[in-house]
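Asks: Any chance you could fold what I've pasted below:
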Amino acid sequence: MSHMSDAPDTGSRLAEFFGFEEHGTDMKTELIAGATTFLTMSYIIIVNPAILSEAIQIEGYSDQEVFQMIAIATILASIAGILVMAVHANRPFGLAPGMGLNAYFAFTVVILLGVPWQTALAAVFVEGVIFMLLTYVGARRYVIELFPEPVKFAVGAGIGLFLLLLGLIEMNVIIAYDATLVQLNDVATDPVALVALAGLAVTFVLYARDVTGAIIIGITTTAIAGWALTLAGVVDRGVLAPEQLASPQYDITPLAGAFIDGFNQIDPATFVLIVFTFFFVDFFDTAGTLIGVSQFGGFLDEDGDLPEIEKPLMADAVGTTFGAIVGTSTVTTYIESSTGIEEGGRTGMTALTVGFFFLLSLLTVPLIAAIPQYAPYLALVVVGILMLQGVTDIDWDHPAWLISGGLTITVMPLTASIADGLAAGIISYPIIKTAMSETEDIQPGQWVLAAAFILYYYVSAGGVISGT
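Replies: Numbering: from 1, shown residues only. So this is what the prediction gives:
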């Protein structure tokens, strides 16, 4: 028996590799955190194919088959980025194809501009390669560290409000209204809103009582309630539970590698502008998310910077490049990572757990589809509120902090864009500082960054790229 006691303990080796002691965590906490992050971002396995299949059609394959190919590509691209995040960066962040960027890919580039989907994938591939090179030489880190301090500290709360709004909309609690843009839905007559709000209440109660895994329990309970009411005949199938569950389609060869064909018959000017837009939005979305969730997890240093930020940046660069190869849009770090951080996730073991669940989801694509889409969104509401804690780090008495930080926080939810919120803060900061005769606090690079944003909005909103 003695030889067994000498066998290496995998758990302790993992604890040593990821530095559990140094980060004040343990295996159980990391696993629960990883499971929580996965569940809150698992909707992408369904939502990403739903969006991209609007633009990607493959001859000889049904829409349902293409949908499943994209779902597999989504999972594989997520795993690629997450592995780099876990092993290289040792950060508890999940990655997947980014929301917003997938809509731009499908509706603007392919459908509106008429660019072949293979060419759009080629543009994503080029963007990923550029990201890897810029990350390797440290250029991305330099740009992110140019962010004004009030912007860095406001990002978390801005993302929180964005998540809060997104969650309430997906739960049918808030709806569109012409006169005021949004209003409260008639929740008493909407089964989705009622079940989602009940699940939200359960989650808040569990959180207030400091129950470990409160968010994951809340999502699971909500999903089960939706199915129970459906199977009991209280509501029709398709209201609180998915209408049908498809069987998995694992052959993605018609999709994987299609980006190579995209390099044929390129219009150089259009291609450069598409790459530029993917690059610009992804750069600042990722930067904003990284800083926001890092602030939430207490990872930022006293200057509001994330130490060794080039490592997590490399993860999304690799994920994006690999994603384009297998057939999906730009991969980015996910805001939903903050749900796992809230559960105590602090190391790459959390990310590795997220990756494991993505791998597992390859076998259970129909089961992932069984989670009603509104259920994971209650986590966004919970975390959105928790992320508002970041406002205490802002010096509200200083006009530059007040205006720059305030714009960062409010523009994000109002435009449904992390990048737009960052732009508002970055452009306003040097202007207000100059107005206060505090020009010595402005780095030359901050003026360049502000000018780059102004140029970007002139190009995108000025009709040079229509529809962005």
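
Asks: okay, CA-based contacts and neighbour counts for the rest of this
Replies: Noted.

Asks: Which pLDDT value goes with the residue minimising distance to the centre of the chain?
Replies: In the chain, the residue lying closest to the centroid (C-alpha atoms, centre = their mean) is Tyr334, at 2.7 Å. pLDDT for Tyr334: 92.

Asks: give me every residue that touches it.
Replies: Going by C-alpha atoms under 8 Å, 6 or more residues apart in numbering, Tyr334 touches 41, 93-96, 98, 289.

Asks: out of those, who's nearest Asn185?
Replies: Nearest to Asn185, judged by C-alpha to C-alpha, of the contacts of Tyr334 is Met41 at 24.9 Å.

Asks: which phi and psi does the nearest residue in space to that closest one that is not next to it in sequence have?
Replies: Leaving out its chain neighbours, the residue that sits closest to Met41 by C-alpha to C-alpha, 6 or more residues apart in numbering is Glu336, at 6.0 Å. Taking degrees, to the nearest 10, you get phi -60, psi -10 for the backbone angles of Glu336.

Asks: So Glu336 is in contact with Ala35, correct?
Replies: No: checked against C-alpha atoms under 8 Å, the pair Glu336 and Ala35 is beyond contact range at 11.6 Å.

Asks: More neighbours: which of those two?
Replies: Neighbours per residue (other C-alpha atoms under 10 Å) separate Glu336 from Ala35, with Glu336 holding more: 26 against 23.

Asks: Now do that one against Ser361, distance only.
Replies: Counting by C-alpha to C-alpha, to the nearest Å, the separation of Glu336 from Ser361 is 18 Å.

Asks: What of His398?
Replies: His398 is 49 Å from Ser361, by C-alpha to C-alpha.

Asks: Torsion angles phi and psi at Thr253?
Replies: According to degrees, to the nearest 10, Thr253 has phi -60, psi -30.

Asks: Near it, how many other residues are there?
Replies: 11.

Asks: pretty sure Ala77 contacts Val331?
Replies: Yes: at 7.2 Å, Ala77 counts as touching Val331 under the criterion of C-alpha under 8 Å.

Asks: joint contacts of those two?
Replies: Counting by C-alpha under 8 Å, 6+ apart, the residues touching both Ala77 and Val331 are 96-97, 319-320, 323.

Asks: ok, and the most crowded of the residues you listed?
Replies: Result: Thr320 is most packed of the shared contacts of Ala77 and Val331 (other C-alpha under 10 Å), 33 neighbours.

Asks: Quick one: residues contacting that one.
Replies: Contacts of Thr320 (C-alpha under 8 Å, 6+ apart): 77, 81, 97, 124-125, 127-128, 329-332.

Asks: out of these, who's nearest Ile111?
Replies: Checking these against Ile111 by C-alpha to C-alpha gives Ser329 as the nearest, at 14.6 Å.

Asks: Quick check: buried residues in the one helix or strand Phe280 maps to?
Replies: Per DSSP states H and E, Phe280 falls inside helix 268-297. Neighbour counts over helix 268-297 (16 or more other C-alpha atoms under 10 Å) mark 271, 273-297 as buried.

Asks: and if you look at stretch 260-269?
Replies: Buried, per 16+ other C-alpha under 10 Å, within stretch 260-269: 262-263.

Asks: Any idea how far apart the tips of that stretch sit?
Replies: Per C-alpha to C-alpha, stretch 260-269 runs 19 Å from first to last residue.
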